[in-house]
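Asker: Got a sequence here, can you model it:
(one chain, ligands or ions: 1)
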Amino acid sequence: MSVIEKNNPTDEDVLVEVSGLSKKFCKDLKTSLWYGIMDLFAGYSGNKKNRELRSKEFWAVKDINFTLRRGECIGLIGHNGAGKSTLLKILNGLINPDEGRVIMRGKVSALIELGAGFNPILTGRENIYNNGAVLGFSRSEIERKLQKIIEFSELEEFLDMPVQNYSSGMKVRLGFAVAAQMEPDVLIIDEVLAVGDLGFKLKCFKIIDEILPKTAIIFVSHSMPHISRICNQIILLDRGKTKFQGEDTAKAIDLYYAKFSENDSNVIFDDGSTEIKKLQILDKPILDNLPQVNWGDNIDISLYVNTKFKTLPKAYITIFDKEQRPVAALVQSENIIEINSNELIFKFHIEKIQLSKGLYNINVAFFNPLNNAPIIRVNSVLAFQVLYFQDTWPPMLLDAEMAFEEV
Ligand SMILES: Nc1ncnc2c1ncn2[C@@H]1O[C@H](COP(=O)(O)OP(=O)(O)OP(=O)(O)O)[C@@H](O)[C@H]1O
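Answerer: Now for the predicted structure:
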């Protein structure tokens with residue numbers, strides 16, 4: 001039984017229905033071929049339900065369910081190998097699931113792999129006609145769209161060159177231009193935006209905003225800013241299974257980052273003269289080893305150091321957000337306590353912290369005050385969590401007091 005069905009719409013707005021979707025793979029090619037032959041002889045169909053996993057098999061995607069309406073964008077996130085691309089390939093009909101079903105309604109455009117859907121030996125222009133024809137457009141309809149596709153892709157002078165000679169960015173430009181201009185009902189985008197340059201990404205987001213009211217979008221990315229920019233629901237996959245599903249995109253993104261937050265500190269440079277003993281955020285509750293700081297709190301940080309350095313080294317603390325963007329720096333503590341000749345405590349005070357909600361990491365560096373030469377640099381010495389009732393993507397949430405003026 002084919003599980004990819006093109007149906008007449010019953011509820012006009014529901015464009016994608018996915019239920020109980022599962023796909024298994026075998027880790028070993030020889031065994032996989034052997035199972036294939038055995039299944040053929042045993043008369044198994046690939047879709048037979050409740051089949052146990054055999055030796056060396058694993059679920060790449062297991063029991064995925066969701067419904068997507070016109071105007072909605074679902075983000076599929078998860079670590080490498082979580083099953084995102086496999087799920088997209090099933091949705092696009094490139095591979096068959098072992099269990100479950102997919103119903104897609106209307107025209108489906110997919111940007112799945114770089115250059116996927118393009119014939120490499122054909123020119124860009126010929127590929128545009130090919131893709132359009134596959135989506136059911138007549139030659140004259142494609143001709144009407146051609147100019148917009150060329151304008152969007154900015155590839156006019158390369159349009160008659162075989163696609164195999166295109167750069168990665170050029171392939172993505174052409175692919176996105178075709179997919180977006182063909183007025184799809186369902187648009188599937190897999191990570192490809194990462195390849196385009198900034199100007200192209202901005203154009204893509206503009207187009208996505210324009211077509212979203214008429215389209216259901218399935219979007220895979222490792223870029224959480226991109227995910228939070230366009231998705232209104234998220235599935236977080238972990239080893240093929242749904243770890244989180246829902247409209248609370250901030251929560252899904254927090255869970256995604258939590259997987260990567262167990263990084264140990266690492267020494268980047270060390271001249272052997274100074275040792276960072278401990279970094280502490282004082283008087284804050286600890287949850288899962290993370291100091292919990294409320295937005296707007298005052299924070300006191302103590303940095304314990306052992307140093308053989310002759311002069312007092314210059315301290316430099318940098319705070320990084322979960323995307324590893326540096327968001328703040330604390331330069332040289334005013335308040336240094338000498339315990340004995342080589343044991344020091346540097347005390348930093350932050351008045352009313354205005355970092356937005358989320359997980360932060362602290363890197364520490366010491367420099368020679370005379371010539372600014374590095375003494376020691378250690379990354380991820382301490383992580384902490386800023387709490388706030390609302391998620392904001394920019395790293396700073398400033399307390400702008402409102403003033404009303406009577407007119
Ligand atoms: N054809 C295949 N044969 C065997 N295993 C496969 C095949 N395709 C994918 N896999 C396995 O399925 C799992 C999921 O892979 P998939 O490409 O879907 O992950 P992903 O979430 O898209 O990862 P990434 O973020 O790295 O792109 C991986 O363990 C991968 O090795």
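Asker: Roughly how far does Asn342 sit from the ligand?
Answerer: According to C-beta to the nearest ligand atom, to the nearest Å, Asn342 and the ligand sit 47 Å apart. Every C-beta, even on glycine, is put in place using the N, C-alpha and C of the backbone.
Asker: Name the residues of the protein found near the ligand, please.
Answerer: Those residues of the chain that sit near the ligand, judged by C-beta under 6 Å from any ligand atom, are 25, 60, 78, 80-86.
Asker: and the two most separated of those?
Answerer: Across the residues of the chain next to the ligand, no pair lies farther apart than Phe25 and Gly78, at 16.1 Å, counting by C-beta to C-beta.
Asker: Who has more neighbours out of those two?
Answerer: Between Phe25 and Gly78, counted using other C-beta atoms under 10 Å, the more crowded position is Gly78 (23 against 16).
Asker: Tell me who's in contact with that one.
Answerer: By C-beta atoms under 8 Å, 6 or more residues apart in numbering, Gly78 lies in contact with 84, 236-238, 243, 256.
Asker: Give me the phi and psi angles of it.
Answerer: With angles defined as degrees, to the nearest 10, Gly78 sits at phi 160, psi 160.
Asker: so where do the helices sit in the stretch 1-150 of the chain?
Answerer: Per DSSP state H, counting those that start in this stretch, the stretch 1-150 of the chain carries helices over the ranges 29-42, 84-91, 124-134, 139-153.
Asker: among those helices, which is nearest Leu398?
Answerer: helix 84-91 (35.3 Å).
Asker: gap between that closest one and the chain center?
Answerer: Between the centre of helix 84-91 and the centre of its chain there are 16 Å (C-alpha atoms, centre = their mean, to the nearest Å).
Asker: And for stretch 367-383?
Answerer: On the basis of C-alpha atoms, centre = their mean, stretch 367-383 sits 31 Å off its chain's mean C-alpha point.
Asker: which outside residues touch it?
Answerer: With contact meaning C-beta under 8 Å, 6+ apart, stretch 367-383 is reached by 261, 263-271, 273-276, 279-281, 289-291, 307, 309, 311-314, 316, 359-366.
Asker: any idea of the mean pLDDT for it?
Answerer: Across stretch 367-383, the average pLDDT comes to 90.
Asker: for Cys73, which residues make a bridge with it?
Answerer: Here Cys73 sits in beta bridges with Ile217, as judged by DSSP bridges.
Asker: ok, so of the contacts of Gly78, who is nearest Ile188?
Answerer: Nearest to Ile188 among those, counting by C-beta to C-beta, is Lys84 at 11.1 Å.
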